[in-house]
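Novice: How does the following fold in three dimensions:
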Amino acid sequence: MSTAPTTTQNPTTDSPSRGLLGTTLTYVVLAALTAVFLGPLLFILMNSFKGRFFISDSPFSLPGGETWAGIENYLNGVSVTNFFAAAGWSFFITIGSVAVIVFFCAMTAYYITRVKTWWTNVLYLLFVFSMVVPFQMVMFPTVKIADILNLDNPLGMIVLYLGFGAGLSVFVFSGFVKSIPIEIEEASMIDGCGPLQNYFRIVMPMLKPVMITVAILNAMWVWNDYLLPYLVIGLATPFKTIPVVVQQLVGSHGSNDLGALMAMLVLAIIPIVAFYLASQKYIIEGVVAGAVKG
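Specialist: Numbers count the residues shown, from 1 in each chain. Have a look, this model is predicted:
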């Protein structure tokens, strides 16, 4: 009994060309996304070295010749906005807010994850619900309460940022704590560790990746936030942050000195970009680790 010949196809014959095409498309998409995200930054940097009268006429041309202003825009912007004082308050509020958010939210997430009662479940749901409430819904009550409690100062801003940043931070910490085997803590308790020793000596070192992730996310948020400092601190105090003084420059001098505005935007971007580049590898590690059993 004869059988009809069968033809077989080698799936590997076209794989090199298909792999090359997929790699090429990937690089093209990544290059396009890079241009989209870096384009505004390069635009601001380029115009920060132009004379203020040439930015509106030729915003996309490179600075050079008569359009070149050097560091004049930076000097004018610093003098008009008192930029370095605002940078000092931005650093103080950002570092203080991130420190208290990481410290208190980590302990809160550990407690409500390990202690299973009806009210810890309700507390966890309240933290999660706070993430979906728009700031615009609570900004006027927040400003009124901040005024009553005298929180319209840098220390008060740290307290407010702790309240607004607790939802996401507790959610991320809780997901990571759930991935830590309970047997590790039970073994430490058998060895004589109390609850505080168990947390600070055993659990807290294991939270380092997600702590760094939460710190990065909150640092970028607090540093770039404009609305909350503007509403709470206002313009009549010496505690203005960088976004507030830059926006003030737009309102009072923006039509006359766009070069100074561009220069101040560059100075405002540099610290947070440097911080992000130095610690970006921890973001994915912490987010992925926090997603385990989350």
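Novice: CA only for contacts and neighbour counts going forward, please
Specialist: Will do.
Novice: quick one: stretch 119-127 to chain centroid distance?
Specialist: 25 Å (C-alpha atoms, centre = their mean, to the nearest Å).
Novice: hmm, who's touching that stretch?
Specialist: 112-113, 166-168, 170-171 (C-alpha atoms under 8 Å, 6 or more residues apart in numbering).
Novice: 7 Å instead?
Specialist: 112, 167, 170 (C-alpha atoms under 7 Å, 6 or more residues apart in numbering).
Novice: quick one: the nearest residue to F91 once chain neighbours are set aside and S79, what's the gap?
Specialist: Spatial nearest neighbour of F91, excluding adjacent residues (C-alpha to C-alpha, 6 or more residues apart in numbering): W223 at 7.7 Å. Distance, W223 to S79, by C-alpha to C-alpha, to the nearest Å: 21 Å.
Novice: V132 too?
Specialist: 40 Å.
Novice: Give me the distance from stretch 66-81 to the chain's centre.
Specialist: So, by C-alpha atoms, centre = their mean, the centroid of stretch 66-81 is 29 Å from its chain's centroid.
Novice: got it, and stretch 58-66?
Specialist: With C-alpha atoms, centre = their mean, you get 33 Å for stretch 58-66.
Novice: Quick check: end-to-end length of that stretch?
Specialist: 12 Å.
Novice: circling back: settle it for me: which of W223 and S79 has more neighbours?
Specialist: Legend: neighbour count by other C-alpha atoms under 10 Å for W223 and S79, higher for W223 (22 against 12).
Novice: Can you tell me the SS state at the more buried one?
Specialist: helix (DSSP: H, G, I helix; E, B strand; the rest coil).
Novice: so who does M189 touch?
Specialist: N198.
Novice: How are the helices of the stretch 101-250 of the chain distributed by residue range?
Specialist: 118-130, 135-148, 154-178, 182-190, 195-197, 204-206, 208-224, 227-232, 242-253 (DSSP state H, counting those that start in this stretch).
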